[in-house]
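Peer 1: sharing a model that was predicted from the sequence below.
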There are 2 protein chains.
Amino acid sequence: MTDSTKGRRGSGKRERLAAAAAEVLHTQGVDRTTLADIARAADVPVGNVYYYFKTKDQLVEAAIDAHGRTLDGLITALDELPTPEDRLKALLNGWAEQRELTAQYGCPTGTLASELDKRADGLDRSIAAVMRTLLDWAERQFAEMGRADARELAFALIAAYQGISLLTNTFRDPELMTIEAGRLERWIDSLARKGPEDDDARS
Amino acid sequence: MTDSTKGRRGSGKRERLAAAAAEVLHTQGVDRTTLADIARAADVPVGNVYYYFKTKDQLVEAAIDAHGRTLDGLITALDELPTPEDRLKALLNGWAEQRELTAQYGCPTGTLASELDKRADGLDRSIAAVMRTLLDWAERQFAEMGRADARELAFALIAAYQGISLLTNTFRDPELMTIEAGRLERWIDSLARKGPEDDDARS
DNA sequence: GTCTATATTGCGATAGAC
DNA sequence: GTCTATCGCAATATAGAC
């Protein structure tokens, strides 16, 4: 991050653009968002955007980075909690609290990934890296619970979230998220009850 | 479907366009697909498209309908199988067999839903209807297994599939689908073993 | 009914004044 | 460093010949 602020002087317009981009790209989608939309949201004149970003793709990349840092912050906060079960349940809670936003626009990471995965440029790998961060963190929690199949469980957990986010968005029904979060919480409880090395059943 | 072929005479160009659209929209995404792309795939001159569809959105709608009919065919085939467990497992099998395509382009229904849900036009409701068909079918299977929580289970199953499709696509790794399909199969087995009215645990 | 040529629009990107 | 004016292009859509 040391030289991500290159121009200096300006009162963080670059950061404002990246943050505004992250939000607008989430609500409107990448392809349907124009530079004018982002500039307006960041309160920056359109033409001036090109002083900070040479292309639209570079701005999208900056938005992905900004979103990645937001997620890193969330993970850091979760890591304050004492046990892996607490941390995973706190994550579920965060998902449930965001249900209204998810019903309107889907999961920010997931919808970005879905859209960018159809493109040949490097943007698809950037969002994959963000997704990987979350996956690795979840795997660490399951490993700390003593599960030999921590990796599989991590994929199952994140997949369940991404899938219910999509359905919550498709049917515009925030309660779908609440119900699935409850189910996943009982699932984590059942894993803890069984204890380590029981890697057979689904849960 | 009676008057979905209105012009007559022409050797099914309308159907060819809708089928080609369904495929190209899946691989390229809606916004990044031009009418020229679809026309080329259907081997129809660009300008001629407008004889069959007044706008691009109408062609997208026809593509969604075509995809919906494909899914109806799949469901009809599954319903030939004797037990709900057989039918659900056959569905899992179909998903696993499509894993290479999913790794490249994601689930056709899911990626369409993700993209169209950000739009205000009626297209988002059309793809929701397709998703609903699959959900209702799955619910019927669980209900037939005697589960009181059939609806929740149906959402959990489809969400798991949509989520792992997204991850399979994001990481370009078809094996993720294989692993999750195996897990879901064990889950369905465990539901059958427990029998009806056991609606407590995750699985 | 089929196809070509073209009108129209909207957006990414640039030039250059301040 | 900041902003305005504008270029160039791609894509939807239309007009109209065959």
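Peer 2: Nice, I can see it.
Peer 1: tell me where the model's unsure across chain A.
Peer 2: A:1-11, A:195-203 (pLDDT under 70).
Peer 1: can you give me the helices for it?
Peer 2: Under the criterion DSSP state H, helices of chain A are mapped to A:13-28, A:35-42, A:49-52, A:56-78, A:84-97, A:99-105, A:108-116, A:123-144, A:150-170, A:175-194.
Peer 1: now the ones you listed in a markdown table, with mean neighbour count and distance to chain B?
Peer 2: Glycine gets a C-beta too; all of them are placed from N, C-alpha and C. Putting those into a markdown table (neighbours: other Cβ atoms under 10 Å in any protein chain shown; distance: least, Cβ to the nearest Cβ, whole Å) gives the following:
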| stretch | mean neighbour count | distance to chain B |
| --- | --- | --- |
| helix A:13-28 | 21 | 6 |
| helix A:35-42 | 18 | 13 |
| helix A:49-52 | 17 | 21 |
| helix A:56-78 | 17 | 13 |
| helix A:84-97 | 18 | 12 |
| helix A:99-105 | 18 | 7 |
| helix A:108-116 | 26 | 4 |
| helix A:123-144 | 18 | 5 |
| helix A:150-170 | 25 | 3 |
| helix A:175-194 | 18 | 4 |
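Peer 1: can you add distance to DNA strand D and give those helices back as CSV?
Peer 2: Listed next are the helices of chain A as CSV, based on distance: least, Cβ to the nearest atom of the strand, whole Å:
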stretch, distance to DNA strand D
helix A:13-28, 6
helix A:35-42, 9
helix A:49-52, 4
helix A:56-78, 12
helix A:84-97, 35
helix A:99-105, 24
helix A:108-116, 16
helix A:123-144, 17
helix A:150-170, 24
helix A:175-194, 33
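Peer 1: so which of those helices comes closest to B:E80?
Peer 2: Evaluated over the helices of chain A, closeness to B:E80 peaks at helix A:150-170, with 27.3 Å, by Cβ to Cβ.
Peer 1: show me the residue at the heart of chain A, geometrically.
Peer 2: A:T109 (3.7 Å; Cα atoms, centre = their mean).
Peer 1: that one touches A:V130, doesn't it?
Peer 2: Yes. The pair A:T109 / A:V130 is scored as a contact, 5.9 Å apart, by Cβ atoms under 8 Å.
Peer 1: now do the shared contacts for those two.
Peer 2: Counting by Cβ atoms under 8 Å, 6 or more residues apart in numbering or on different chains, the shared contacts of A:T109 and A:V130 are A:H67, A:L71.
Peer 1: what is the end-to-end distance of stretch A:164-178?
Peer 2: Separation of the first and last residues of stretch A:164-178 by Cα to Cα, to the nearest Å is 10 Å.
Peer 1: and that stretch, how far from the chain's centre?
Peer 2: Distance of stretch A:164-178 from the chain centroid (Cα atoms, centre = their mean, to the nearest Å) equals 16 Å.
Peer 1: show me what from chain A comes close to DNA strand C.
Peer 2: Contact residues, chain A versus DNA strand C (Cβ under 7 Å from any atom of the strand): A:T33, A:T34, A:L35, A:A36, A:V46, A:G47, A:Y50, A:K54, A:T55, A:K56, A:D57.
Peer 1: for these, give me JSON lines that also has distance to B:G29.
Peer 2: Formatted as JSON lines, those follow (distance: Cβ to Cβ, whole Å):
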{"residue": "A:T33", "distance to B:G29": "14"}
{"residue": "A:T34", "distance to B:G29": "17"}
{"residue": "A:L35", "distance to B:G29": "20"}
{"residue": "A:A36", "distance to B:G29": "22"}
{"residue": "A:V46", "distance to B:G29": "25"}
{"residue": "A:G47", "distance to B:G29": "29"}
{"residue": "A:Y50", "distance to B:G29": "26"}
{"residue": "A:K54", "distance to B:G29": "24"}
{"residue": "A:T55", "distance to B:G29": "19"}
{"residue": "A:K56", "distance to B:G29": "16"}
{"residue": "A:D57", "distance to B:G29": "16"}
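Peer 1: so which of the residues you listed is the closest to A:L17?
Peer 2: Of the residues of chain A next to DNA strand C, the one sitting nearest to A:L17 (Cβ to Cβ) turns out to be A:L35, at 9.7 Å.
Peer 1: residues contacting that closest one?
Peer 2: A:V46, A:V49, A:K56, A:L59.
Peer 1: the last one reaches A:I38, doesn't it?
Peer 2: Looking back up the chat, that one is A:L59. Yes. Contact criterion Cβ under 8 Å: A:L59 and A:I38 qualify, at 6.8 Å.
Peer 1: now do the shared contacts for the two.
Peer 2: Joint contacts of A:L59 and A:I38 (Cβ under 8 Å, 6+ apart) are A:L17, A:A21, A:V49.
Peer 1: would you turn these into a markdown table with distance to B:A192?
Peer 2: A markdown table is the format used below for the shared contacts of A:L59 and A:I38 (distance: Cβ to Cβ, whole Å):
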| residue | distance to B:A192 |
| --- | --- |
| A:L17 | 54 |
| A:A21 | 49 |
| A:V49 | 58 |
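Peer 1: care to break chain A down by domain?
Peer 2: A:11-64, A:81-194 (automatic domain parsing).
Peer 1: any idea how far the first one is from the chain center?
Peer 2: Relative to the centre of its chain, domain A:11-64 is centred 18 Å away, using Cα atoms, centre = their mean.
Peer 1: same question, the last one
Peer 2: When C-alpha coordinates are averaged (Cα atoms, centre = their mean), domain A:81-194 and its chain have centres 9 Å apart.
Peer 1: which residues touch A:A154?
Peer 2: A:L135, A:D136, A:A138, A:E139, A:Q141, A:F142.
Peer 1: then A:H67?
Peer 2: Applying Cβ under 8 Å, 6+ apart, the residues contacting A:H67 are A:A22, A:P108, A:T109, A:L112, A:V130.
Peer 1: if we use 7 Å, what do you get?
Peer 2: The contact partners of A:H67, taken as Cβ atoms under 7 Å, 6 or more residues apart in numbering or on different chains, are A:A22, A:P108, A:T109, A:V130.
Peer 1: one more: A:K13?
Peer 2: A:K13 neighbours (Cβ under 7 Å, 6+ apart): A:V44, A:Y52.
Peer 1: change it to 10 Å
Peer 2: A:G7, A:A42, A:D43, A:V44, A:N48, A:V49, A:Y51, A:Y52 (Cβ atoms under 10 Å, 6 or more residues apart in numbering or on different chains).
Peer 1: show me which pair in those residues is furthest apart.
Peer 2: That would be A:G7 and A:D43, which, of those, are the farthest apart (Cβ to Cβ) at 17.2 Å.
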